[in-house]
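Q: Sequence below, structure please.
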Amino acid sequence: MGKAYVPKSKYRKDRYLVSVEQYRHYRREGYLIVRGLLQQPEVAELFQLAEEVRIQSLNPDKKGAADSTDPLRDEFAAATRLHMLSRIHPAAERGMLHSRILDVTEALIGPDVYALQSMMFLNPPGKGGQGWHQDSYYIKTHPDTLIGAWIALEEVDEENGCLWVVPGSHHEPVYPPESSVGGNVHAVDAFSDLHAVRNVSHIDDEVNTLSTVVSHYPSPIPVQLSAGDVLFFDSHLFHRSYPNRTTNRYRRSYVCHYCNARSWVPWDHDGYEGDSGNYRQILGRGSTHHAYAEPIFGTEVYLSDPDEAGVSVTMMGMDNGMMMPMEMKKE
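A: Residues are numbered from 1 along each chain as shown. Sure thing, here's the model as predicted:
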């Protein structure tokens, strides 16, 4: 007998409802742009945090950044991006667990959602840029359910280093590194011709061998966004950015990664003890049979309420081989 799982999130008046066409676009093209998903005050809070990070990066001798033991010191010095602010700053946690971002994520890969990673990008004039890559190359989930959410905190265009994507390339497998030390998305030797790649993310296409696969597709397209727009993209999608070509503009953005909370996650940005990093990941929606973390700074999340599961359905096998539903009310 099989029992139906009926997840149910708490009702919210401002919930974002994904359309079937948006879902189809995401599955067909590998990405989805949702315009104005974040409101101005929410963008302003993240922009202010980006400014604090930027100012600190310009003054590396200040307390915290100057400490040679500070694990974030090098990232501050690079002045391009900072990882996992969501574990040290309330505003960053609120951004990663933003209810409307999780609304969309829940519809695309849910109903159960882990929040895995956050990155604040600054991309100052003349800096930034990352060559062709697939996010699942770096963050493995099994089953493979990783998704990214790229939040624009200001106008983003070709001049200041917008993202470029290859529509439809999410149908590709994840091309593995030559060494399996970091793990693989796919079972080793499951493909007859899935070749390894070198120098993934290198900005030079002559060095980054994933560029050869990208060249088989039509021309990539730029993703131009305004503050509050969010780009959701599949973790197999080929994407990249170029250095900021302007002399007086930054390209501030906040990028988070999520996966279905039924996935086993042999990864954590800060490391972990044991064979799984699941217990470090925040459960943002639904429920899970895996270990999980709660928000550090108390950001509200909307999980399935087992006491409101309602009527469940058990499937009963019949003599003729057919399966028939048997309605069972929870006592």
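
Q: which stretches of the stretch 51-200 of the chain aren't confidently modelled?
A: For the stretch 51-200 of the chain, the stretches with pLDDT under 70 are 60-79.

Q: what about the strands in it?
A: Under the criterion DSSP state E, counting those that start in this stretch, strands of the stretch 51-200 of the chain are mapped to 81-83, 113-121, 130-133, 147-152, 163-165.

Q: Just list what the first one packs against, helices and strands only.
A: Same thing as strand 81-83. Identification of packing neighbours for strand 81-83 by 3 or more CB pairs under 8 Å, 6 or more residues apart in numbering; DSSP states H and E yields helix 73-78, strand 113-121. Any C-beta I mention is one placed from the backbone N, CA and C, and that applies to glycine too.

Q: now the strands of the stretch 51-200 of the chain in JSON lines, with distance to Asp319 and mean neighbour count?
A: Output for those, formatted as JSON lines (distance: least, CB to CB, whole Å; neighbours: other CB atoms under 10 Å):
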{"stretch": "strand 81-83", "distance to Asp319": "59", "mean neighbour count": "19"}
{"stretch": "strand 113-121", "distance to Asp319": "41", "mean neighbour count": "26"}
{"stretch": "strand 130-133", "distance to Asp319": "55", "mean neighbour count": "22"}
{"stretch": "strand 147-152", "distance to Asp319": "44", "mean neighbour count": "26"}
{"stretch": "strand 163-165", "distance to Asp319": "53", "mean neighbour count": "22"}
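
Q: Out of the ones you listed, flag the one nearest Glu294.
A: Set against Glu294 and scored by CB to CB, the strands of the stretch 51-200 of the chain come closest in strand 113-121, at 11.0 Å.

Q: Quick one: distance of the longest helix along the chain to the chain centre.
A: Criterion DSSP state H: the longest helix present in the chain is helix 40-58. For helix 40-58, the distance between its averaged C-alpha position and the chain's averaged C-alpha position is 20 Å (CA atoms, centre = their mean, to the nearest Å).

Q: which other helices and strands contact that helix?
A: Here helix 40-58 is seen to pack against helix 73-78, helix 90-96, strand 113-121 when contacts are counted using 3+ CB pairs under 8 Å, 6+ apart.

Q: what would these look like in JSON lines with distance to Lys127?
A: Output for the helices and strands packed on helix 40-58, formatted as JSON lines (distance: least, CB to CB, whole Å):
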{"stretch": "helix 73-78", "distance to Lys127": "8"}
{"stretch": "helix 90-96", "distance to Lys127": "21"}
{"stretch": "strand 113-121", "distance to Lys127": "10"}
